[in-house]
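> quick one: sequence and predicted model below, then my questions.
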Amino acid sequence: MNKEWMKVIIAAFFEVFWVIGLKHAQDFWTWAGTVVAIYISFYLMIMAGRKLPVGTVYAVFVGLGTAGTVFSEIVFFGEPFGLEKVILILILLAGVVGLKLVTPDNVREGGES
């Protein structure tokens, strides 16, 4: 896996933090952490999008972030576990992995290198 895809994965990791922060932040420090997570997340996604196809980067970013957020809400915040949720998240992740597998690492959309 090249460093651009690692940026997307790390960006999705920080996306989980800021999405949870938007729901659970209550004071200056939790809001500050949410803002920092937003900045890091989008910065890394934008940097990866300079070398990888933007549409694929965004789909992978959102897919991984969604799966991570649902998982975190279940594990850390007592969100009800549902088999349907897990199956749908697995389908989402299968699509994300599929997009990654069919996307060349160093080709931008529109045929540019």
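Alright, I've got the coordinates. Residues are numbered from 1 along each chain as shown.
> tally of neighbours for F14?
Using other Cβ atoms under 10 Å, F14 has 21 other residues around it. Glycine gets a C-beta too; all of them are placed from N, C-alpha and C.
> isn't it right up against A37?
Yes: F14 lies in contact with A37 (Cβ atoms under 8 Å); the separation is 4.7 Å.
> show me the contacts for Y39.
Contacts for Y39 (Cβ atoms under 8 Å, 6 or more residues apart in numbering) come out as none.
> what's the single longest helix in the chain?
helix 54-77 (DSSP state H).
> let me see the mean pLDDT of that helix.
For helix 54-77, mean pLDDT is 90.
> same deal with stretch 19-30?
Here the average pLDDT along stretch 19-30 is 94.
> residues in contact with F81?
F81 is in contact with I74, counting by Cβ under 8 Å, 6+ apart.
> how about it, secondary structure?
coil (DSSP: H, G, I helix; E, B strand; the rest coil).
> who are the contact partners of the residue nearest to V70 when sequence neighbours are not counted?
Distances taken as Cβ to Cβ, 6 or more residues apart in numbering put I89 closest to V70, at 5.7 Å, once the chain neighbours are dropped. Each residue near I89 by Cβ under 8 Å, 6+ apart is listed here: 66-67, 70-71.
> now restrict the residues you listed to buried residues only.
Burial by neighbour count, judged by 16 or more other Cβ atoms under 10 Å, picks out 66-67, 70 from the contacts of I89.
> on that earlier part again, can you list the neighbours in contact with the longest helix of the chain?
8-9, 11-13, 15-16, 19-20, 24, 41, 45, 48-49, 79-81, 85, 89, 92-93, 95-96, 99-100, 103, 108-109.
> distance to V54 added to the contacts of I89, as JSON lines?
Output for those, formatted as JSON lines (distance: Cβ to Cβ, whole Å):
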{"residue": "T66", "distance to V54": "18"}
{"residue": "A67", "distance to V54": "21"}
{"residue": "V70", "distance to V54": "25"}
{"residue": "F71", "distance to V54": "26"}
